[in-house]
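Colleague: Structure for the following, please:
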Amino acid sequence: MSTAFAPIRISVLDRSRTREGYDAAEALRDTVALARTAEELGYHRFWVSEHHSVPGVAGSAPTVLAAAVAAATTTIRVGTGGVMLPNHQPFVVAEQFGVLASLFPGRIDMGLGRSVGFTDGIRRALGRGKEDARDFGARLAELLGWMDGSQQAHPQVHAHPAEGLRVPPFVLAIGEGAEIAAAAGLPLVVGDLRNRDKLMRAVDGYRGGFRPSAWSSAPYVVVSGTVAVAGTDEEAGRLLVPEAWSMAHARTRGSFPPLLPAERIDALAMTEKERGLFEEGLRGHLAGTEETVSAGLERAVEETGADELLVTTSTYDREALVDSMRRLARLAGLRA
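Modeller: Numbers count the residues shown, from 1 in each chain. This is a model prediction of the structure:
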């Protein structure tokens, strides 16, 4: 199949979703295996995420998981999407990425987010409060100072082995976070594709306010979104069902559960509110055949001027997930 839209870097974000009948260890092994598949198919990056006290997500330590992914691969770039900087001391984050970049030179990305633990209990366990998210700009500047050796607050302290290493930083953000990325002169990772107006406001504001820096001489926009590709539009839509139900469950019952098979979800007796949230969770994503998704991606790239796409797909059926990645690689003209 010929490439249907202009060549663009395409990368993968995996959240190490747990599945009913499989434990967290299996979810983490699935992430590593998926990274190998992404590398074989020609994807540009493979990133992992940070979540705390979430039964449906096994990825709580992204730099540790990134090390496992990098050790299991050889060429694909590996990073975090992202380390939530308000949860950590910038000095420690610098050290962690310094170790990663020393072990896997030229392959590590430092994706950084501004979210803090989302419940009071998690924030207390992390030793953080809601106010820490407001200090993201200062924490980001401190982290970059530890990386390039420019920090002045602690002149006798150095973040070995990070100091002097060129580990590309990215800011995961929308709204105010996009402004911080622009002011710092850093690449922006922004989503999602379901809210185009909000997405475009963030992208336009970022480009308009961008200040060149030692890290990046020009704006660089990575657009993130959920993408599912299958043999028919209906089959692709079915891939979205497990995640849509988990989101509906979380918003009505307060816990984000492991993924269920789509067939199990079909048989659930949902409340009216659950049904509404579930159906909302199915809408707006890029899901369909290769032709359908190709047209959607082309439109998204044209509208946003994206330099790169970061795709994520959470579903119960691992074989269907790999097939989706293979089809996406094929339509994008990657190695598949």
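Colleague: Would you pull up how far stretch 239-253 lies from the middle of the chain?
Modeller: 18 Å (CA atoms, centre = their mean, to the nearest Å).
Colleague: Would you map the helices across the stretch 201-336 of the chain?
Modeller: Counting by DSSP state H, counting those that start in this stretch, the segments of the stretch 201-336 of the chain that form helices are 233-239, 241-253, 262-266, 272-282, 290-304, 318-331.
Colleague: Nearest approach to Leu100 belongs to which of the ones you listed?
Modeller: Minimum separation from Leu100 across the helices of the stretch 201-336 of the chain (CB to CB) falls at helix 318-331, 24.1 Å. Where you see a C-beta, it was placed from the backbone N, CA and C, and this is true even at glycine.
Colleague: other SSEs contacting the closest one?
Modeller: Applying 3 or more CB pairs under 8 Å, 6 or more residues apart in numbering; DSSP states H and E, we find helix 318-331 packed against strand 9-14, helix 24-41, strand 221-229, helix 233-239, helix 290-304.
Colleague: Extract the CA atoms of the helix or strand hosting Val92 and return them as PDB.
Modeller: Remark: Val92 resides in helix 90-103, with elements defined by DSSP states H and E. C-alpha atoms of helix 90-103 as PDB (Å, rounded to 0.1, in the frame of the first residue of the first chain):
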ATOM      1  CA  PRO A  90      14.800  18.000  39.700                       C
ATOM      2  CA  PHE A  91      18.200  16.900  40.900                       C
ATOM      3  CA  VAL A  92      17.200  13.300  41.200                       C
ATOM      4  CA  VAL A  93      15.400  13.400  37.800                       C
ATOM      5  CA  ALA A  94      18.600  14.800  36.200                       C
ATOM      6  CA  GLU A  95      20.600  11.900  37.800                       C
ATOM      7  CA  GLN A  96      18.200   9.300  36.600                       C
ATOM      8  CA  PHE A  97      18.300  10.600  33.000                       C
ATOM      9  CA  GLY A  98      22.100  10.900  33.200                       C
ATOM     10  CA  VAL A  99      22.300   7.200  34.000                       C
ATOM     11  CA  LEU A 100      20.000   6.300  31.200                       C
ATOM     12  CA  ALA A 101      21.800   8.500  28.700                       C
ATOM     13  CA  SER A 102      25.200   7.100  29.800                       C
ATOM     14  CA  LEU A 103      24.000   3.500  29.400                       C
END
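Colleague: what mean pLDDT does that helix have?
Modeller: Helix 90-103 carries an average pLDDT of 98.
Colleague: Return the distance of Asp214 relative to Gly149.
Modeller: One thing to correct before we go on: residue 214 is Ala, not Asp. Distance of Ala214 to Gly149, given as CB to CB, to the nearest Å: 11 Å.
Colleague: Revised request: answer the last question for Met200.
Modeller: Taken as CB to CB, the span from Met200 to Gly149 is 37 Å.
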